[in-house]
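Got a sequence here, can you model it:
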Amino acid sequence: MRNNLAARIGVWSAHHRRTAVIGWLLFVALAAGLGGAAGTVEMTDAEQGTGDSARAQRILDDAGLDRPAGELVLLVSERPGGWRTAARELTRAVEATGAVRKAPPPVAAPGGREALISLEMKGDPADAADRVGPVLDAVKAVDERYDGVETHQFGDAVSEKWLGELLADDFVKAELIAVPLALGILLVAFGAIVAALLPVALALTACLAAFGLLSLASHQLPLFQTTYSVMFLMGLAVGVDYCLFYLRRERDERAAGRDAGTALRIAAATSGRAVLVSGATVSAAMAGMFLSGLTLFEGFALATVLVVLIAMLGSVTVLPALLAWLGDRIDAGRLPFPGRSRGGRRRGGRESGAFAGAVLRPVLARPALSAAAGAAALLALAAPALGMRTEQLGWEKQFGSDTALSVAHEKITEAFPGGPEPAHVVVRADDIGSAPLRKALAAFDRVTVHRAADIAEIEVPLAGDGSGERSKDALAALREKTLPAAFDGTGAEVYVSGALAESVDFNAQLKRGIVPVLAFITAVTFLLMLFCFRSYVIALTSIALNLLSVAAAYGVIVAVFQHGWGASPLGTEAVGAVQSWIPLFVLVVLFGLSTDYHVFVVSRIREAYDRGADTRSAIGEGVRRTAGAVTGAAAIMVAVFAVFGALSMQDMKQMGVGLAVAVLLDATVVRMVLLPSVMALLGERNWRTPRALRRLPTLAHGEPEPGPSAPADGVPEPGPVAPAKARG
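Down below sits the predicted model:
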């Protein structure tokens, strides 16, 4: 086999380590500096949505008719009418802040114990959250002054204020917990401080550069609020993993007696090559989100592709340069772990893959039974996914049922059904003041007419809790019956938006978009695996195992967050649905990450096979030799994802728990049981090469020969790679 691209890059970086390291630092500093100076552009409501709800918002945006941020304050008294004095004082207090327009009189609920005050924030609704503080203080002061009256506030500005504060706190929490966790796992894996710090430092600098480039790109593709959190999650996990794979192979070769230069060349030619293939596969999978038809996923796609490619670039360039510069100093700060020697390996001749070997013996002895048991376990976990219900979770579900915002939403909904989140109808016509349109608009109670823009806005309360089936039925009736009947023959454009309409439209687009996304990522995975291993059997096996992992992750997410099974020990609660964007995002991420492990493990199996081992022996050797790296990488990913599962936002919890469980299953059930058992059952058929691919160059999987003696800097020139056995 000839030297591959990763080997050439690694050797070049080792020879030009000063250029590689300084170039990396300049790139990170430049990207971060430019991004910080440019700032970030967040997507508008119209850009975030789709369908009729997005059309309604675009009509208002184009006309310059920003809907004011609305706030609702509920007063609850112990006796009917007992809220009146408090309501008068509250109205005066909030109007005195200068942040709201003149408030209309309170509306009493049936029974007279509750009253609702509707407020509109002055100024641009985009920054209303920054100005709602005095209003909150005024409401709180009235609440404290009247013992017999409770006040509850819910609205656009207060929700955005809570969201901004939570995202800021959660992002800091994620950084403060995830980074030390990853560092601790690497300390256990390598047993040396420098070796553990190196992957974390490279991953963090990759994230920093990606943050800057994403900020620049946001001026062309606006971003959702959580995009940076998602990028950090992926960047830290993937960046550390890629460095770990590379560094672990270099340490293993040094512990096996190779000199520094040869060990580095072997790591570059094997693990470096696996990193390149994995990075390309993961990036291609993430790019599938561009086919979803939703700007939200386009932002996620851009963020994850950027950070994965940058992490991959750092792993194959600056990492070998640093390894060549550090030499044996990579083991500096060695920790006194019992039974450990250089590179974190065990003393006494015991293999680091001893546990994996113990698991593999029964798996390879009875591959059919093992494959059936592993598949049955994953399918059992996947079963709850058959009843998956998705929706755009409202703020009251995002923040938890015991928060003040959620309590306020619940109480307002009980007293005034449809009050917190009514349907918002936008009507546009050539002449909004024409007789037919005046007659149509007169059929509704809450109408605002903008004559200059020929636009009217209508608020229609929806029955139910604002998200359940009753509310959805009411929305469908409004769209399909009420509005067509009212505006028939007027020539007006009529669109419905609002929280529920946006959720329904988003889900409808997701159902349409998930098919091309799935088709794209499966096709890309198949082609990349086919080219990498020249085996359609390996490619199909990879896709099947990936789909099993994704299905199991879906089942766990539904069980925990929709049904509440085991939610309490995880510090969360059932919300009755899965956040709309989670299934597609989890599908794409897990397809990429599962392929990541698959490439790494199967490359080592093929390496053993090319050296002359039969398929079953090659499987055992490949899985055992990669067990330490895969276990460490999976532990880091599980830890990082679990940190996000502990954050405040419900969608972050769902994403974190789902990905953590999926990676854990992928590194255990899939890689230790299903992959070896299925490959053992297939035997020599694993390596069948399609006739059309036999003319393509064979990609190297084996170790390069030592080559000529090392030059002065300790890194030998690129030498030939041992020829592969002519098989398949």
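
show me the contacts for the closest residue to Trp565 other than its chain neighbours.
The shortest distance from Trp565 to any residue other than its chain neighbours is 4.5 Å, reached at Ala559 (C-beta to C-beta, 6 or more residues apart in numbering). Yep, even glycine has a C-beta here, placed from its N, CA and C like the rest. Taking C-beta atoms under 8 Å, 6 or more residues apart in numbering, we find Ala559 in contact with 384, 565-566.

Of the residues you listed, which is the most crowded?
Neighbour counts for the contacts of Ala559 (other C-beta atoms under 10 Å) peak at Pro384, which has 18 neighbours.

And it, how far from Leu548?
Here Pro384 is placed at a distance of 15 Å from Leu548 (C-beta to C-beta, to the nearest Å).

and if you look at Leu527?
21 Å.

go on, Thr19?
From Thr19 to Leu548 the distance is 45 Å (C-beta to C-beta).

One more: Glu469?
Applying C-beta to C-beta, the value for Glu469 to Leu548 is 32 Å.

OK, contacts around Ala539?
525-527, 529-530, 533 are the contacts of Ala539 under C-beta under 8 Å, 6+ apart.

For it, give me the pLDDT.
Ala539 carries a pLDDT value of 89.

Look up how far Ile619 lies from it.
According to C-beta to C-beta, Ala539 stands 17 Å off from Ile619.

Check Gly82 too.
From Gly82 to Ile619 the distance is 76 Å (C-beta to C-beta).

Among these two, which residue is more densely surrounded?
A count of neighbours by other C-beta under 10 Å puts Ile619 above the other of Gly82 and Ile619, at 29 against 17.

of Leu527 and Leu548, who's got more company?
Remark: of Leu527 and Leu548, Leu548 carries more neighbours, 23 against 13, as counted by other C-beta under 10 Å.

gap between whichever strand or helix holds the more buried one and the chain center?
Element membership for Leu548, per DSSP states H and E: helix 536-557. Averaging C-alpha positions (C-alpha atoms, centre = their mean, to the nearest Å) puts helix 536-557 18 Å from its chain's average.

Same check on stretch 73-91?
So, by C-alpha atoms, centre = their mean, the centroid of stretch 73-91 is 44 Å from its chain's centroid.

buried ones in it?
Judged by neighbour count using 16 or more other C-beta atoms under 10 Å, the buried positions of stretch 73-91 are 73-77, 82-84, 86-87, 90-91.

Quick one: these as a markdown table, columns for pLDDT, distance to Thr595 and secondary structure too.
Output for the buried residues of stretch 73-91, formatted as a markdown table (pLDDT from 0 to 100; distance: C-beta to C-beta, whole Å; DSSP: H, G, I helix; E, B strand; the rest coil):
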| residue | pLDDT | distance to Thr595 | secondary structure |
| --- | --- | --- | --- |
| Val73 | 91 | 52 | strand |
| Leu74 | 91 | 51 | strand |
| Leu75 | 92 | 56 | strand |
| Val76 | 92 | 55 | strand |
| Ser77 | 91 | 61 | strand |
| Gly82 | 88 | 64 | coil |
| Trp83 | 91 | 60 | coil |
| Arg84 | 91 | 65 | helix |
| Ala86 | 91 | 61 | helix |
| Ala87 | 91 | 60 | helix |
| Leu90 | 91 | 58 | helix |
| Thr91 | 92 | 60 | helix |
